[in-house]
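Asks: Give me a 3D structure for the following:
(2 chains)
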Amino acid sequence: MATAFPFSAIVGQDEMKLALLIAAVDPKVGGVLAFGDRGAGKSTAVRALAALLPKMKVVVGCRYNCDSDRPADFCEDCRVRAAKGGLKSAQIPVPVVDLPLGATEDRVVGALDLERALARGEKAFEPGLLARAHRGFLYIDEANLLEDHLVDLLLDVAASGENVVEREGLSIRHPARFVLVGTGNPEEGELRPQLLDRFGMSVEVKTPDNLADRIEVVRRRDAFESDSDAFVTKWAKDEGKLRKKIIAAREKLAAVSVPDVTLERAAKLCMALGTDGLRGELTLMRAARALAALESAKIVTDDHLRRIAPSALRHRLRRNPLDDAGSSVRVDRAISEVLG
Amino acid sequence: MSGAAVWSDAVTAARLFAVDPLGTGGVMLRSRASPVRDAWLALLRTALSPSGPVKRVPSNIAEGRLLGGLDLNATLLAGRPIAERGLLAEADGGVIILAMAERLSSATTVHVTAAMDAGETIVERDGLSLRMPARFGVVALDEGIEDEFAPASLCDRLALHLDLNAIGIRDAGEFSANAEETAAARAQLPLIEADADQIEALCSAASALGITSLRAPLLALRIARASAALAGHSRVEQDDLALAARLVLAPRALLFPQKEEAAQPEQPPPLTEGEADGSGGEDLNADIDRALDEVILAAVQAAIPPDVLATLRAGSAGRSHGRSSGKAGPLQRSSKRGRPAGVLRGALRAGARLNVIETLRAAAPWQAVRRREAAGTGEESRPRVLIRRDDFRISRFKQRMETVTIFVVDASGSAALHRLAEAKGAVELLLADCYIRRDQVALIAFRGSAAEMLLPPTRSLARAKRGLAGLPGGGGTPLAAGLDAAFMLSDSVRRKGQTPTVIVLTDGRANIARDGGQGRPRAEDDAMSAARQLRGAGIAVVLVDTSPRPGISGETIAKEMGARYLPLPHADAATLTKAVLASIG
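Replies: Just a heads-up that it's a prediction; the model follows:
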């Protein structure tokens, strides 16, 4: 894998960067969808995030990335091994797993391990991408072009947090909780509404239109490509700071309080927009809390709501094809009505 | 530009691409299969280093072959899964040639662009999980005519866009390119420096030309570097920049550059240390900057034929934001593969697709038993994996043809505005429904003396909204022209393997003939013959009669077309959508 472009060196794209950071602080927010212009650095940002994330603790040798600190969530293998005693733990980079468009079903959910079956006649399960992405990120580039049968698989697992495999005489279930990250270009087709709904936040990505930013993007990209090691070293300090900020925010998250008045405003905002179900309110609240934690605030304020509402609600509006205003405009309108 | 000049640029492009195939992305070569194209490809081969592979990718390549997967022969022989490299991985360190790039399926396009971005292919197929390096340059051969183009996402990543359609083999004079020269330039390339002002100049030139994508100035910078390396410069010089602007920026231009633009002074002054030791010095710096910008813009201006820009402007009128590049054409979509619908136990009949991996999985648990049996019969030369007929697993695909719904809307007369508004609403409602069905929608309007395609087949709501903004209305009723346009579009839709359904919204009262002449009888005759053409081709048509009192003329036309006749004097978007969905089924 080639060296990733440093996250902090990405020019502009504040909304996308913020959404990714929030997802890193609180995975429960439920993933990020970045839709927008070609060549605006959507994939770059996701790859950069992978390099930025603090490491996580796992049971050594576990194929499902079980957290050694949470025996309650162990997979069957780990339970058996824990009973015998002597589980070891290690720090590994948070997995950011690519779900490539040409993937086949068996590799996504897992299947009979062919090599062991053929060579030794053993019936063993070979975990798929969903297992590998557990506790990490599952990244789909060009999510709008993903084949329907793969989307169907994802929908179920993303909602339940568990992968159930019933095939080839295997009967396996294992935890698969991951942050779904998708990118795409709306010119090439829409996303299925069911999949859209699985993303906690959706951001619109535009190529910067002010000249100074554009020049800076090209300049940094050029410097990175000419000598990536030197460039990464130059930005290492900023990356370290940002990483610390994520770790600190995770610790503070539980202590951030959400006053009733803020909850009420969040509910009003969702009602004004007519978003379906409670998921919008829940995501809005969680995202606002993660934002507050990132900024070391102890209380979630209207300002946090205002800044995160477009990302959290934009894709949940009931579609009204006859209303020409884009969903961002409608969210902005509602924000100014409710929050003033 | 003269033919010789075009050819000379094409030669330069080939040499530049050969120096840095990976960095420059590649070449989009728009040309019919012709001796000129062959000459250019031959030239490219002489310029490329002989060690790098050159792989040709047919437009209908199977996904497994492109990305790699299970090597069946080797797997069966060895008795364990053996991976086979895909074409993209085989092209590592070399060049791929995409044949008929205008017909690339979206899946193939995505795999190629993903490999270009990551420098590797990621395979998660057939029980294999592999990452293989795939760093290659791309030559996309675009044989499209008129509005057929190679996918925009691919074009955006290719630095050089050439169009050789206009020139003949006579223009293709001698050329000089050789691998040694390329190798020398390659060695020089990492040492070439470009300073901040030059990067800035390319960025401002791109902005002035209305180019949104940031890949354009970045690719231009790499071409400038390659050009400097070829010319033996130690750093990027002004003529390298001018060349890069001409070859990379000009073909993507959406706007004609404005000289002395008001926006120019807003640029932040370049931060140069140690140079600004007096006001005179700063002025000088600013002058040099302006001169640099002007050199680039002049290079671009010379390269843009004026009529091209006029059509581009017309095409992008009404867009608030020049979002898509100039090459954005209707995207190709392949429906040939169908949606995989699971695997079944079955016999290998003709046309059935054996799912190798599932077959092996089915056979695997029995190997020990079968080997024991086989040993009893004393077969010595038995294969490593014993497969019985029961093991065969067949892939099933749901063969659902993609539907393209073509709205043909009468935009003439007084009721036009209402009709158009409702048709527009119906298009958007249908599209909202479409992403579940994965269907496409197109819209043709006819008024005055001709028909006009307002929305080429699309699945994108964003594009539809842009295309439908500000529909014109009023004038005569050239029904024949509208039906002819519908027939032509249906025909091209069919050739892509999709099923067209035509929805005509009209009151059926034609008054403009095919040749634009006035007079009801001739106009009606023409409309009838156009209608028969549609019936002859067996295209499904629904005629929605929108006249206040649905009359005999609408019904007659419908009969001639073999169409379903639907009198809807007060057609509104929702009713219309329901009627259409019912007729598509």
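Asks: Show the end-to-end separation of stretch B:171-178, please.
Replies: Distance across stretch B:171-178, first residue to last, is 21 Å (Cα to Cα, to the nearest Å).
Asks: Can you tell me how far residue B:425 is from chain A?
Replies: Using Cβ to the nearest Cβ, to the nearest Å, residue B:425 is found at 5 Å from chain A. Using the backbone N, CA and C atoms, a C-beta is placed for each residue, glycine as well.
Asks: Please read the previous query as pertaining to residue B:30.
Replies: Residue B:30 is 19 Å from chain A, by Cβ to the nearest Cβ.
Asks: Now do the phi/psi pair for that residue.
Replies: Per-residue torsions, residue B:30: phi -90, psi 110 (degrees, to the nearest 10).
Asks: Kindly report the same for the one 5 residues further on.
Replies: Backbone torsions for residue B:35, taken as degrees, to the nearest 10, come to phi -60, psi -30.
Asks: Now do the contacts for it.
Replies: Residue B:35 makes contact with B:169, B:172 under the criterion Cβ atoms under 8 Å, 6 or more residues apart in numbering or on different chains.
Asks: for the helix ranked longest in chain A, what is the average pLDDT?
Replies: Longest helix in chain A, counting residues (DSSP state H): helix A:228-252. On average, the pLDDT along helix A:228-252 is 93.
Asks: Check which residues of that helix are buried.
Replies: Buried residues in helix A:228-252, counted by 16 or more other Cβ atoms under 10 Å in any protein chain shown: A:231-232, A:235, A:239, A:242-243, A:245-246, A:249-250, A:252.
Asks: and if you look at stretch A:282-289?
Replies: Residues A:282-289 are the ones in stretch A:282-289 that count as buried (16+ other Cβ under 10 Å).
Asks: and if you look at stretch A:27-38?
Replies: In terms of neighbour count (16+ other Cβ under 10 Å), stretch A:27-38 has its buried residues at A:27, A:29-38.
Asks: What residue in the stretch 51-200 of chain A comes nearest to chain B?
Replies: residue A:117 (3.3 Å; Cβ to the nearest Cβ).
Asks: Please enumerate the strands of the stretch 51-200 of chain A.
Replies: Taking DSSP state E, counting those that start in this stretch as the criterion, the stretch 51-200 of chain A contains strands spanning A:56-59, A:89-92, A:96-98, A:110-112, A:125-127, A:137-140, A:162-167, A:170-175, A:179-184.
Asks: Distance to chain B, mean neighbour count and mean pLDDT for those strands - can I get that in a markdown table?
Replies: Formatted as a markdown table, the strands of the stretch 51-200 of chain A follow (distance: least, Cβ to the nearest Cβ, whole Å; neighbours: other Cβ atoms under 10 Å in any protein chain shown; pLDDT from 0 to 100):
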| stretch | distance to chain B | mean neighbour count | mean pLDDT |
| --- | --- | --- | --- |
| strand A:56-59 | 19 | 19 | 89 |
| strand A:89-92 | 17 | 12 | 89 |
| strand A:96-98 | 5 | 21 | 89 |
| strand A:110-112 | 5 | 26 | 83 |
| strand A:125-127 | 7 | 20 | 87 |
| strand A:137-140 | 11 | 25 | 92 |
| strand A:162-167 | 9 | 16 | 85 |
| strand A:170-175 | 10 | 16 | 86 |
| strand A:179-184 | 10 | 25 | 91 |
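Asks: Would you confirm that the residue of the stretch 51-200 of chain A closest to chain B contacts residue B:361?
Replies: Yes - using Cβ atoms under 8 Å, residue A:117 is in contact with residue B:361, at 6.8 Å.
Asks: Domain parsing of chain B, as residue ranges.
Replies: Listed domain ranges for chain B are B:1-170, B:178-256+B:286-321, B:350-398, B:403-584 (source: automatic domain parsing).
Asks: Export those as JSON lines, with columns for mean pLDDT.
Replies: Formatted as JSON lines, these follow (pLDDT from 0 to 100):
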{"stretch": "domain B:1-170", "mean pLDDT": "86"}
{"stretch": "domain B:178-256+B:286-321", "mean pLDDT": "76"}
{"stretch": "domain B:350-398", "mean pLDDT": "70"}
{"stretch": "domain B:403-584", "mean pLDDT": "78"}
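Asks: Which one, of those, ends up nearest to residue A:221?
Replies: With Cβ to Cβ as the criterion, residue A:221 lies closest to domain B:178-256+B:286-321 of the domains of chain B, at 5.7 Å.
Asks: one step back: check whether the longest helix of chain A comes into contact with chain B.
Replies: No - contact of helix A:228-252 with chain B (Cβ under 8 Å from any Cβ of the partner chain) is absent, the minimum separation being 12.0 Å.
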